[in-house]
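J.: What follows is a predicted structure for the sequence shown.
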Number of protein chains: 2
Amino acid sequence: MQVDTPYLEVDTERLETNVARVADLARAAGVDVRPHAKTHKCAEIARRQIDHGAVGLTVATIGEAEAFADAAGTTGCTDIFIAYPLWPTPTKAARLRSLADRVSLRVGVESVEGARHLGSVLDTGTSSPAGRVEVLVEVDSGQHRTGASPERAGEVAAAGVAAGLDVIGVFTFPGHSYGVGDTRSGAAEQEIRALHTAAESLRAQGIEPRVRSGGSTPTIAFVADPRHAGVLTEIRPGVYPFNDAQQVEIGSCGFDEVALTAVSTVIRREGRRIVLDAGSKILGADRAPWATGYGRLLDHHDARIVLLSEHHAVVEFPSGGEVPALGYIVRVVPNHVCNAVNLVDELVAIGGSDSRWPVIARGRNT
Amino acid sequence: MQVDTPYLEVDTERLETNVARVADLARAAGVDVRPHAKTHKCAEIARRQIDHGAVGLTVATIGEAEAFADAAGTTGCTDIFIAYPLWPTPTKAARLRSLADRVSLRVGVESVEGARHLGSVLDTGTSSPAGRVEVLVEVDSGQHRTGASPERAGEVAAAGVAAGLDVIGVFTFPGHSYGVGDTRSGAAEQEIRALHTAAESLRAQGIEPRVRSGGSTPTIAFVADPRHAGVLTEIRPGVYPFNDAQQVEIGSCGFDEVALTAVSTVIRREGRRIVLDAGSKILGADRAPWATGYGRLLDHHDARIVLLSEHHAVVEFPSGGEVPALGYIVRVVPNHVCNAVNLVDELVAIGGSDSRWPVIARGRNT
């Protein structure tokens, strides 16, 4: 397959290995997997996750949920969780009701006001749970982005029930697990503690939290700890089918587990410095404070991307070792694969039968 | 017009003012304007630029050139410069030749090897200039990304002529103009000096550099300096129709000149901290080292975005002043508008007759 650079390529064998590994790990730990589809936005990858036993999909927006509801024929999945504390307008509420007619739908709330608002806009005028949408209360496990404090989860749940919502559990996202050193294990501990406290808080209100959902790619390795048995019922990792430079740098995976790269061409070489035709418009501009550059090179682990423009990556190579020549192909590992995938209309899948996978939920922000 | 948040909105009156202002400034300075269309990727905006006297368009990739060649009926423009040091494969060379049949086409080279390679892949087997594509030599004015040293521009140009290319001038991008303090004026001085030196270097090889192209939004204000009369023949600013938080923070424009915002909804409020539903998947993840956050708020200049996820912006407000309530609409100014626009399929244009403008060159990376 001849494709002009830059483009995003998926190694389907590695993808399959990554999906199977997390499925096995979750099975051993006795938790369900509900992968976050915001990472890949592809029906073909969702289908592989479902084939490996995923109980449903997680998404971040109503638009992503619609895209995957439309693709149910390919994915085999009709169970979707919008893991986001929505504040729906009447238009968005109508879209939620329409979705709930087609799939099993769950959404998040994170405040008493949010629960009341959701109940109010979803109100179907009957005594049945509003809009037949199931609701999970988001709690903050330490990232301090969204989420009620775990101790107040029951209060939010009770407000939801009073507003006619069908509250079935709690969820959290340990986004503060992205960091070096002991960050991942520390965040995993907080994640589990937060879900435990939140579940107790719901029970104190007489609401059974039958779903207790956590997880992220960095904390997957810690959920199987027998000390936490029974706290989580499901995990929602997103990045794991592909992995990325962030996961490599925080220690979640090795380079040999990276399944997606931006294939690019060397357009300049001077000394131990080259410039590639892949920039922030295909890699994304993410660079966490602890990141060592704007992405990594799959086949040159010592090299660093020191400058990133929209269509240029300036790469420095340490002394010793070959520097790729002008016109050569170089595979770049994006820092944050979710933002990279969202920049393209299709992924080029290699291994087995080569094909193009449409990114069906690209740009579905609303 | 009822649109679900988040979405990108263009204030067409401000857009018109911004386009007219740069057109007037360039006219007074006696230089042509060839706006960089990578910023807006919209036929409707290119048309406005052409209506205000732009001599053609600049793009970064062959794919962007193809999109704007297809839109010539709307834009009125058939003169396109791919301001990038291409290293074309035979496939890309065929695309360049096909483009050159439809529009006046210019491309960049930045090395002797690149010039020879371009001449070789474009070779049409005749004695006419290869592929009827005009060529400009890129020189480095201080960003140290791509570009020959200005002193060696003539050597690159001579290699191009020897390879059958039609070398018509030199260009540079003062990307190091992005910074605070005296950065902009310092970069503008270097830009002008580099183009002067490069032009002399071509003349020393007997090649007349009739096009001497520079410019960027941060350095626009400095090109009209009479001390530099005659050095530049054209400028290629990109961001100026919209402006963005980076331009505000480096002093290129005021908030009242910002014409594009991400319209978003408050989904959480606690104390003086709110969370918006606009994240890196609509704002882009750009954050320069000198930036004060991940974007700014058009109507709250003191607020800062302290944390950005894919669908969350966490905003802190200083003491005093109103904090937007849950469900309220807030307009976010992206740090880097070029990457924000590349994330959406259409812009919502308001003022005059409301309409949707398709982002015709979105994702055209190759």
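T.: Structure's in. What do you need? What you are looking at is a predicted structure, and each value in this text was computed from that prediction instead of being measured. Numbering: from 1, shown residues only, chains lettered A, B, ... in the order given.

J.: Tell me which residues touch the residue in the stretch 1-150 of chain A that chain B sits nearest to, please.
T.: Residue of the stretch 1-150 of chain A nearest chain B, by CB to the nearest CB: A:Asp4 (3.9 Å). (Glycine included, C-beta is placed from N, CA and C.) The contact partners of A:Asp4, by CB atoms under 8 Å, 6 or more residues apart in numbering or on different chains, come to B:62, B:89, B:91-92, B:95, B:366.

J.: could you redo the residues you listed as TSV and give each row secondary structure?
T.: Conversion of these to TSV gives the following (DSSP: H, G, I helix; E, B strand; the rest coil):
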residue	secondary structure
B:Ile62	helix
B:Thr89	coil
B:Thr91	helix
B:Lys92	helix
B:Arg95	helix
B:Thr366	coil
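
J.: Restricting to those, which residues neighbour chain A?
T.: B:62, B:89, B:91-92, B:95, B:366 (CB under 8 Å from any CB of the partner chain).

J.: Out of those, grab the one that's most surrounded.
T.: Ranked by neighbour count (other CB atoms under 10 Å in any protein chain shown), those have B:Ile62 at the top, with 25 neighbours.

J.: does it really touch B:Thr366, like I thought?
T.: Yes - here B:Ile62 reaches B:Thr366: they are 6.7 Å apart, a contact under CB atoms under 8 Å.

J.: Let me see the domain layout of chain A.
T.: A:13-240, A:246-335 (the TED database).

J.: Now do the closest residue to A:Val3 other than its chain neighbours against A:Val266, distance only.
T.: In space, and not counting its chain neighbours, A:Val3 is closest to A:Val348: 5.7 Å by CB to CB, 6 or more residues apart in numbering or on different chains. To A:Val266, A:Val348 is 19 Å away according to CB to CB, to the nearest Å.

J.: next one: A:Asn339
T.: For A:Asn339, the distance to A:Val266 - CB to CB - is 24 Å.

J.: Looking at the two, which is more packed in?
T.: A:Asn339 (25 against 20).

J.: Is that one part of a helix or strand, or is it coil?
T.: Put simply, A:Asn339 is helix when judged by three-state DSSP.

J.: Let me see the contact set for the nearest residue to it once chain neighbours are set aside.
T.: Closest residue to A:Asn339 apart from its sequence neighbours, by CB to CB, 6+ apart: A:Gly284 at 3.3 Å. Going by CB under 8 Å, 6+ apart, A:Gly284 touches A:334-336, A:339-340, A:342-343, B:280, B:284-285.

J.: try it again with 10 Å
T.: A:244, A:262, A:294-295, A:308, A:334-343, B:280-281, B:284-286, B:339, B:343 (CB atoms under 10 Å, 6 or more residues apart in numbering or on different chains).

J.: again, but for A:Asp345
T.: Listed by CB under 10 Å, 6+ apart, the contact partners of A:Asp345 are A:356, A:358-360, A:362-363, B:362-364.

J.: can I get the residues you listed in a markdown table with distance to B:Ala194?
T.: Below are the contacts of A:Asp345 laid out as a markdown table (distance: CB to CB, whole Å):
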| residue | distance to B:Ala194 |
| --- | --- |
| A:Arg356 | 42 |
| A:Pro358 | 44 |
| A:Val359 | 40 |
| A:Ile360 | 46 |
| A:Arg362 | 39 |
| A:Gly363 | 38 |
| B:Arg362 | 32 |
| B:Gly363 | 32 |
| B:Arg364 | 29 |
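
J.: gap between A:Val314 and chain B?
T.: 6 Å (CB to the nearest CB, to the nearest Å).

J.: what bridges to A:Val59?
T.: Listed beta-bridge partners, A:Val59: A:Ile82 (assigned using DSSP bridges).

J.: Tell me if A:Ser213 really is in a strand.
T.: Yes - the assignment for A:Ser213 (three-state DSSP) places it in a strand.

J.: And the residue lying closest to it once chain neighbours are set aside, how far from chain B?
T.: Spatial nearest neighbour of A:Ser213, excluding adjacent residues (CB to CB, 6+ apart): A:Phe171 at 3.9 Å. Going from A:Phe171 to chain B by CB to the nearest CB gives 15 Å.

J.: residues near A:Phe171, how many?
T.: By other CB under 10 Å, the residues close to A:Phe171 number 30.

J.: Then A:Ala291?
T.: Neighbours of A:Ala291 (other CB under 10 Å): 20.

J.: can I assume it is in contact with A:Ala245?
T.: Yes - with contact defined as CB atoms under 10 Å, A:Ala291 and A:Ala245 form a contacting pair (7.2 Å).

J.: Find residues that contact each of these two.
T.: A:305, A:335-336.

J.: Give me the spatial nearest neighbour of the residue of the stretch 1-150 of chain A closest to chain B, chain neighbours excluded.
T.: Leaving aside its sequence neighbours, A:Asp4 sits nearest to B:Thr366 (CB to CB, 6+ apart; 3.9 Å).

J.: Let me see the contact set for A:Val337.
T.: Applying CB under 10 Å, 6+ apart, we find A:Val337 in contact with A:8, A:39-40, A:217, A:238-239, A:241-247, A:258-262, A:283-284, A:286.

J.: Narrow these to those in helices?
T.: Filtering these for membership in helices, criterion DSSP state H, returns A:245-247, A:283.

J.: what residues does the stretch 101-250 of chain A put near chain B?
T.: Contact residues, the stretch 101-250 of chain A versus chain B (CB under 10 Å from any CB of the partner chain): A:110-111, A:113-114, A:117, A:138, A:143-148, A:173, A:175, A:238.

J.: where are the low-confidence patches of chain A?
T.: Within chain A, the stretches with pLDDT under 70 are A:1, A:124-131, A:224, A:226.

J.: what's the single longest helix in it?
T.: Taking DSSP H as the criterion, chain A has its longest helix at helix A:183-204.

J.: Can you check which residues contact both of B:Ile62 and B:Thr366?
T.: A:4, B:91-92, B:95.

J.: So what's the residue count around A:Glu208?
T.: For A:Glu208, the neighbour count with other CB under 10 Å is 11.

J.: OK, contacts around the residue nearest the centre of chain A?
T.: Centroid-nearest residue in chain A: A:Gly238, 2.9 Å away (criterion: CA atoms, centre = their mean). The neighbours of A:Gly238, taking CB under 10 Å, 6+ apart as the test, are A:35-40, A:58-60, A:83, A:173, A:215-217, A:337-338, B:310.

J.: and if we set it to 8 Å?
T.: Contacts of A:Gly238 by CB under 8 Å, 6+ apart are A:35-39, A:58, A:216-217, A:338.

J.: swap in A:Ala199?
T.: A:Ala199 makes contact with A:153, A:169-170, A:209, A:212, A:231, according to CB under 8 Å, 6+ apart.

J.: quick one: the lengthiest strand in chain A near chain B?
T.: Ranked by residue count and defined by DSSP state E, the top strand of chain A is strand A:260-270. Yes - using CB under 8 Å from any CB, we find that strand A:260-270 touches chain B at A:265-268.

J.: Flag every residue of the stretch 251-366 of chain A that's near chain B.
T.: Contacts of the stretch 251-366 of chain A with chain B, taken as CB under 8 Å from any CB, map to A:265-268, A:275, A:277-278, A:280-282, A:284-287, A:307, A:309-312, A:314, A:326-327, A:336, A:338-339, A:342-345, A:363, A:365-366.

J.: No further queries at this time; thank you.
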